[in-house]
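*Asks:* Below: sequence and its predicted model.
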Amino acid sequence: MTVLPYLVAAWIFLIGVYGVATSRDLVHAVGCLSVTQSSTYVLLVAVGYRRGGTAPVFSDVPPGTSVVDPVVQALALTDVVVGATVTALLLALVVQADKRHGTVDPDELSELRG
């Protein structure tokens, strides 16, 4: 078992979090949040991977054959759908903030200040 996919997932996560923390534009922050969520795709694929595994279609596979985990594949697909939905919702909120306040700079939005 190799740790490289887990390190890649952690690196992608950290790059996305850094982008969100240093962003001066709400659209950029949403993009960085999408990058952060994409690290979960890499993590799920790494968890479900089996060396020499075949597709989890059991109609013509002999017993004892190594297959990849179909539950993790379903979770990864669900994660993609949830990520696209969250990104679309956040971008719609950014558009509404721009319409209402005329800016997408978080420092200029007075309602976001505590």
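*Replies:* Everything's here; your move.
*Asks:* From here on, just use CA atoms for contacts and neighbour counts.
*Replies:* Fine.
*Asks:* Give me the packing partners of the lengthiest helix in the chain, helices and strands only.
*Replies:* The longest helix of the chain (DSSP state H) is helix 70-101. In terms of contacts (3 or more CA pairs under 8 Å, 6 or more residues apart in numbering; DSSP states H and E), helix 70-101 is packed against helix 26-48.
*Asks:* Tell me which residues of the helix it packs on come out buried.
*Replies:* Going by neighbour count (16 or more other CA atoms under 10 Å), the buried part of helix 26-48 is 26-27, 29-46.
*Asks:* Please look at residue 32 and residue 22 and confirm they touch.
*Replies:* No: Residue 32 is not in contact with residue 22 according to CA atoms under 8 Å; the separation is 9.9 Å.
*Asks:* Quick check, central residue of this structure?
*Replies:* Residue closest to the mean C-alpha point of the chain, counted by CA atoms, centre = their mean, is residue 37 at 2.1 Å.
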